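S.K.: predicted coordinates and the sequence they were generated for:
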Amino acid sequence: MPGSLLSKLKTRIPSETADRNNGHVRVLIIEDEPDIAAYLQILLKEYGFEAACETDATRAIAAAETFRPDVICLDMVMPKKTGLTLFMALKKHPELCHIPVVVVSALHPQRDFDDMPFEDFVRKHGIPAPDVWLEKPIDRAAFLETIRVVIGKKRHESPTFS
């Protein structure tokens, strides 16, 4: 299909990112719900991305170090280690701090963090805000477009919350 979303996504991905990974953009999904993790992985693979899942937040840093993703999709509500703790660890990690993070969570970014917006909460702790915040339930088209935009986004632009 010449005008399909797949062809648009593949042609818009910056070549330096795709070239580094044998033509595929890598996305690491950190999500404790196996069904959601599998859904996102299948969706990303269907549209030409290389996707890996980690369902245990305590192993997520090691997974990111090994997989070397171009983008990380992160849930905020997880057992053992919260997404917030993990996000802060990623942003302080010397080898991973540059990787864009797309939060995919049922939490609302404007009210669920000590009665303040998440962006203010992380700023208070000296951590940059995530690149994008998507609330569950996941909208398929919005998710795919978000990944595409984040891949091509310059790191100095302001984060987006939706």
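M.R.: Looks like it arrived, so ask away.
S.K.: do a quick rundown of the strands in this protein.
M.R.: 26-30, 50-54, 71-74, 101-105, 132-135, 160-161 (DSSP state E).
S.K.: any chance of CSV for those strands, columns mean pLDDT and mean neighbour count?
M.R.: Where C-beta positions appear, they are placed from N, C-alpha and C, glycine not excepted. Output for these, formatted as CSV (pLDDT from 0 to 100; neighbours: other CB atoms under 10 Å):
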stretch, mean pLDDT, mean neighbour count
strand 26-30, 97, 25
strand 50-54, 96, 20
strand 71-74, 96, 26
strand 101-105, 93, 23
strand 132-135, 89, 21
strand 160-161, 44, 16
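S.K.: okay, the ones you listed in JSON lines with distance to Ile151 next?
M.R.: Compiled in JSON lines, the strands of the chain are given as follows (distance: least, CB to CB, whole Å):
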{"stretch": "strand 26-30", "distance to Ile151": "9"}
{"stretch": "strand 50-54", "distance to Ile151": "12"}
{"stretch": "strand 71-74", "distance to Ile151": "6"}
{"stretch": "strand 101-105", "distance to Ile151": "10"}
{"stretch": "strand 132-135", "distance to Ile151": "11"}
{"stretch": "strand 160-161", "distance to Ile151": "14"}
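S.K.: measure the nearest residue to Leu144 once chain neighbours are set aside to Ile127 for me?
M.R.: Leaving aside its sequence neighbours, Leu144 sits nearest to Tyr47 (CB to CB, 6 or more residues apart in numbering; 5.8 Å). Separation of Tyr47 from Ile127 (CB to CB, to the nearest Å) stands at 30 Å.
S.K.: looking at the two, which one has more neighbours?
M.R.: Counted by other CB atoms under 10 Å, Tyr47 and Ile127 do not tie: Tyr47 has more neighbours, with 20 against 17.
S.K.: and Gly152, which of the strands of the chain is closest to it?
M.R.: Closest approach to Gly152 among the strands of the chain (CB to CB): strand 71-74, 10.8 Å.
S.K.: packing partners of that closest one?
M.R.: In terms of contacts (3 or more CB pairs under 8 Å, 6 or more residues apart in numbering; DSSP states H and E), strand 71-74 is packed against strand 26-30, helix 83-92, strand 101-105, helix 140-152.
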